[in-house]
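I would like the atomic coordinates for the input below:
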Amino acid sequence: MKPNAKKLMMSTIICLSLSCTATAALADNSTTTTVPSTTKTTTAPKSTAAQRAERVEYLAKLKTYIDARLEIVKNCNSSINEAIDARSVAQEAAKTQQERKALREAFATAIETAKTIKAAALTALGEPPVKPTK
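Residues are numbered from 1 along each chain as shown. All right, here's what the predicted structure looks like:
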């Protein structure tokens with residue numbers, strides 16, 4: 001895996017883990033007090049082995065998701081680069097204004113097609129896996 005892809009994957013994992021953690025609430029200067037409820041609903045705590053297993057499964061699914069997403073983006077970028085290369089070659093041969101106009105329209109169509117395929121593939125990929133709760 002390329003170093004940039006590793007950095008992207010790690011930064012995505014870090015961002016996802018940071019966005020899913022609890023944040024500190026801001027205190028205000030109000031004087032109201034709340035009385036704690038006497039009925040508590042408790043759930044049985046998960047064992048650490050089960051938590052580790054869920055975490056490992058989540059990270060594996062997340063890696064698969066990120067790899068698939070990177071592949072989709074890479075394919076779109078390569079399609080766009082191919083269209084750019086084809087346009088460069090065809091521009092040298094296009095002499096008339098009609099030929100240049102047809103070239104611009106073909107290039108725009110190729111870019112739109114690549115973007116549409118990328119959007120459809122990302123939609124088919126779905127949402128990233130949900131981080132397990134503690």
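
next SSE after the longest helix anywhere in the chain?
The single longest helix within the chain, with elements called by DSSP state H, is helix 48-93. Going down the chain from helix 48-93, the next helix or strand is helix 97-125, by DSSP states H and E.

buried stuff in that following helix?
Buried residues in helix 97-125, counted by 16 or more other C-beta atoms under 10 Å: 103, 107, 110-111, 114, 118, 121. All C-beta spots, glycine's among them, are computed from the backbone N, C-alpha and C.

check what pLDDT Ser78 gets.
pLDDT recorded at Ser78 is 95.

how about the one 10 residues further on?
The confidence metric pLDDT takes the value 92 at Ser88.

state the distance from it to Val130.
45 Å (C-beta to C-beta, to the nearest Å).

so what's Thr113 up against?
Going by C-beta atoms under 8 Å, 6 or more residues apart in numbering, Thr113 touches Ser79.

do you know how far it is from Arg69?
Taking C-beta to C-beta, one finds Thr113 at 20 Å from Arg69.

before we move on, what about Glu92?
The value you get for Glu92 to Arg69, if C-beta to C-beta is used, is 36 Å.

the more surrounded of these two?
A count of neighbours by other C-beta atoms under 10 Å puts Arg69 above the other of Glu92 and Arg69, at 17 against 7.
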